[in-house]
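Participant: heads up, no residue letters with this:
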């Protein structure tokens, strides 16, 4: 199989790594069935990883967006085990919320440090105090 490049959310390219798919499925499985023995799922998970990897290589060009890979994982998990799929979807949702909050916080910090939208919250200390 040719080497694929994954386009991350920030636009950076990263080499495709099927082990990350394996880790995502294992994590969702353990979240769903915390008392399970992974050996019960190991063969099925290995087959799912192969199917998802084949889908990524056959349906996408030289590069693939991370979201497309995650969508492929969801689709396969839904046909395999809807409860594992649900936990994977919830994980994605929570991770997206956390990423959005982090990005908003970093934007606010950058705005404060660069003294954009200066509002004198205190007559003695304001955003302009940081840049002098």
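Facilitator: Here it is on my side, so go on. Everything numeric in this text was worked out from a predicted model, so none of it was measured. Numbers count the residues shown, from 1 in each chain.

Participant: ranges for the strands of this structure?
Facilitator: Taking DSSP state E, the strands of the chain run over residues 5-7, 13-15, 63-65.

Participant: ok, how many other residues are close to the closest residue in space to residue 9 that isn't next to it in sequence?
Facilitator: Sequence neighbours aside, residue 66 is the residue nearest to residue 9 in space, at 6.3 Å (criterion: CB to CB, 6 or more residues apart in numbering). The C-beta positions use only the backbone N, C-alpha and C, and glycine is treated the same way. A total of 14 residues lie near residue 66 under the criterion other CB atoms under 10 Å.

Participant: wait, residue 66 touches residue 4, no?
Facilitator: No: counting by CB atoms under 8 Å, residue 66 stays clear of residue 4, with 11.5 Å between them.

Participant: chain center to the lowest-mean-pLDDT helix or strand in the chain, what's the gap?
Facilitator: Here the helix or strand of the chain ranked lowest by mean pLDDT, DSSP states H and E is helix 38-59, holding a mean of 82. Centroid displacement of helix 38-59 relative to its chain, using CA atoms, centre = their mean, to the nearest Å, is 18 Å.

Participant: what's it packed up against?
Facilitator: The contact analysis (3 or more CB pairs under 8 Å, 6 or more residues apart in numbering; DSSP states H and E) places helix 38-59 against helix 18-32, helix 66-80.

Participant: much appreciated, bye for now.
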